[in-house]
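Peer 1: A structural model of the following input is requested.
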Amino acid sequence: MGVVPLNLVGTAGTQNNYSLSSVLIPLQVCAAKNGTQSVYDQLYIKNLGGYGSASGASSGQDSVTLTLAVDHTLLQVSNVVFAAPFANPVVGTDPQGHPTYRVLIPAGLAVGDSLAVSINYTITPKVDNVCLKDQQPALCFFGLFSSPVLLSCPAKNINCGAVTRHLRGSGVSIRDLVCCYGSIGDYVWVDTNNDGQQGSTAAEPPIVGAKVYLLNASGAKIDSTVTDAQGKYLFDSLLAGSYRVQFTAPAGSKSTTANTGADVSDSDAGKNGITHLITIDVSKAESDTLRNNPQIDAGFVPFGSLGDYVWFDNGDNVQGSGDTPASGVKVYLLNAAGTKIDSTVTNAQGKYLFDSLVAGTYSVQFVVPAG
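Peer 2: Got it, this is the predicted structure:
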């Protein structure tokens, strides 16, 4: 029995018919002439999402064509039966005279779901001592199903070639198509001095366990991860296209200044933690940052706050039960140079607050209410 992971890769919104060809899958057959054996084989269809999805339309449903490739001089195959939901295949013949079976992919196959194509058949050797053909009396291998692991690369992706794998002891080689992918990473850190540039890890340590999201060009979240012990993260196996990265600010911190200084060591996260649009071009060399971009970083600055209370005093210069809160009082926040950098008004309880303040020296100015 050969078990093959089969990934359907096609174009969303159109009818796709996938044909299995080019890879030999080993089958153990040891029997005398006319000694019939029952065989059970199984392949798996997996919906990768976006491509290869069953359309569900009665006239446009995706399908898979399986080719039963046998050595007709040695073996005879009969009684081929497909299990539900593939019980009624359309039977045909390939140019080499091998029987083919086209089955419809059931509509509604969810993204990430797998579905087994199970087939039973009988196989009968036409000559005695079939096993001696490969000089392996105990184990005999014949190509039965022909199937590449990947039928083709997804739309906008480039076929980077093929890798040959040898099945140990069988004398059979498998050539797997290799699709080109890209990646986005790399680093999240504490920007202690709020300069938007990475400093020494002693002064500006990495942030461990920071939540990072991968967004598509429309801004929808399509993947997520967390930073490791070195503050690193990585989204790999990316198809060609445009992406953004969203960083979640750790408690008590906010994004540092973005896109200032050297690109390899700056922060790419805006105030909302989301980066600019990042284009991945898988036609580039693996060393090209347009394909594998290891420069999408985020710095976060710890912050503090200043507050708290304005009241109408009864003359003793101390807050007490006889005093009343002063609501609507204008309050300014000043930097070390005395420049106004923020303002607010007191609430009904006489409270005010300036939060999200980075390390530094500040003062507060109150506007005396009229009267």
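
Peer 1: domain parsing for this protein?
Peer 2: Segmentation of the chain into domains, based on automatic domain parsing, reads 3-178, 182-302, 304-366.

Peer 1: so for the second one, what's the average pLDDT?
Peer 2: When you say that, I think you mean domain 182-302. For domain 182-302, mean pLDDT is 94.

Peer 1: That one: end-to-end distance?
Peer 2: One end of domain 182-302 sits 33 Å from the other (C-alpha to C-alpha, to the nearest Å).

Peer 1: just the shortest one next, same as before
Peer 2: Counting by C-alpha to C-alpha, the length from the leading to the trailing residue of domain 304-366 is 20 Å.

Peer 1: how many neighbours does the nearest residue to F312 once chain neighbours are set aside have?
Peer 2: Nearest non-adjacent residue to F312, counting by C-beta to C-beta, 6 or more residues apart in numbering: T324, 4.9 Å away. (Each C-beta comes from the backbone N, C-alpha and C, glycine too.) Here the number of neighbours of T324 (other C-beta atoms under 10 Å) works out to 10.

Peer 1: My understanding was that T324 contacts Y309; is that so?
Peer 2: No - judged on C-beta atoms under 8 Å, T324 makes no contact with Y309 at a distance of 11.6 Å.

Peer 1: Check what pLDDT the residue nearest to F312 gets.
Peer 2: 93.

Peer 1: ok, now how distant is R291 from K284?
Peer 2: 4 Å (C-beta to C-beta, to the nearest Å).

Peer 1: Likewise for V329?
Peer 2: V329 is 59 Å from K284, by C-beta to C-beta.

Peer 1: if you count what's nearby, which of these two comes out ahead?
Peer 2: Neighbour count, other C-beta under 10 Å: between V329 and K284, V329 has more, with 19 against 16.

Peer 1: residue contacts, that one?
Peer 2: Contacts for V329 (C-beta atoms under 8 Å, 6 or more residues apart in numbering) come out as V310, V345, T346, G350, Y352, F366, V367, P369.

Peer 1: for the stretch 151-300 of the chain, what spans make up the strands?
Peer 2: Secondary structure of the stretch 151-300 of the chain (DSSP state E, counting those that start in this stretch): strands located at 159-167, 172-179, 182-184, 188-190, 211-216, 221-226, 235-238, 241-247, 253-255, 278-280, 292-293, 298-302.

Peer 1: and the residue nearest to F312, what are its phi and psi?
Peer 2: Torsion angles at T324 (phi, psi; degrees, to the nearest 10) stand at phi -120, psi 150.

Peer 1: S118: which element?
Peer 2: Here S118 sits within strand 114-125, counting by DSSP states H and E.

Peer 1: Out of the contacts of V329, which is nearest to G196?
Peer 2: Set against G196, the nearest of the contacts of V329 by C-beta to C-beta is Y352 (29.4 Å).

Peer 1: Now for the closest residue to N335 other than its chain neighbours, how many residues are close by?
Peer 2: Computed as C-beta to C-beta, 6+ apart, the closest residue to N335 that is not its neighbour in sequence is I341, at 5.2 Å. For I341, the count of nearby residues is 12 (other C-beta under 10 Å).

Peer 1: partners of whichever helix or strand I341 is part of in the sheet?
Peer 2: Element membership for I341, per DSSP H and E: strand 340-345. Next to strand 340-345 in the sheet, as set by DSSP bridges, lie strand 330-334 (antiparallel).

Peer 1: for the partner strand, which positions count as buried?
Peer 2: V331, Y332, L333, L334 (16 or more other C-beta atoms under 10 Å).

Peer 1: was I right about the first one contacting V345?
Peer 2: Yes - taking C-beta under 8 Å as the contact criterion, V331 and V345 are neighbours in contact, 6.8 Å apart.

Peer 1: what is in contact with those two at once?
Peer 2: Common neighbours of V331 and V345 (C-beta under 8 Å, 6+ apart) are Y352.

Peer 1: My read is that S356 contacts S305, right?
Peer 2: Yes - S356 is in contact with S305 according to C-beta under 8 Å; the separation is 7.4 Å.

Peer 1: Residues that sit against both of the two, list them.
Peer 2: With C-beta under 8 Å, 6+ apart as the test, S356 and S305 reach no residue in common.

Peer 1: Flag the shaky bits of the stretch 1-150 of the chain, pLDDT-wise.
Peer 2: In the predicted model of the stretch 1-150 of the chain, residues 1-61, 69-75, 107-114, 123, 125-150 satisfy pLDDT under 70.

Peer 1: neighbours around the nearest residue to D281 once chain neighbours are set aside, how many?
Peer 2: Among residues not flanking D281 along the chain, L290 sits closest, at 4.7 Å (C-beta to C-beta, 6+ apart). Per other C-beta under 10 Å, the neighbour tally for L290 reads 14.
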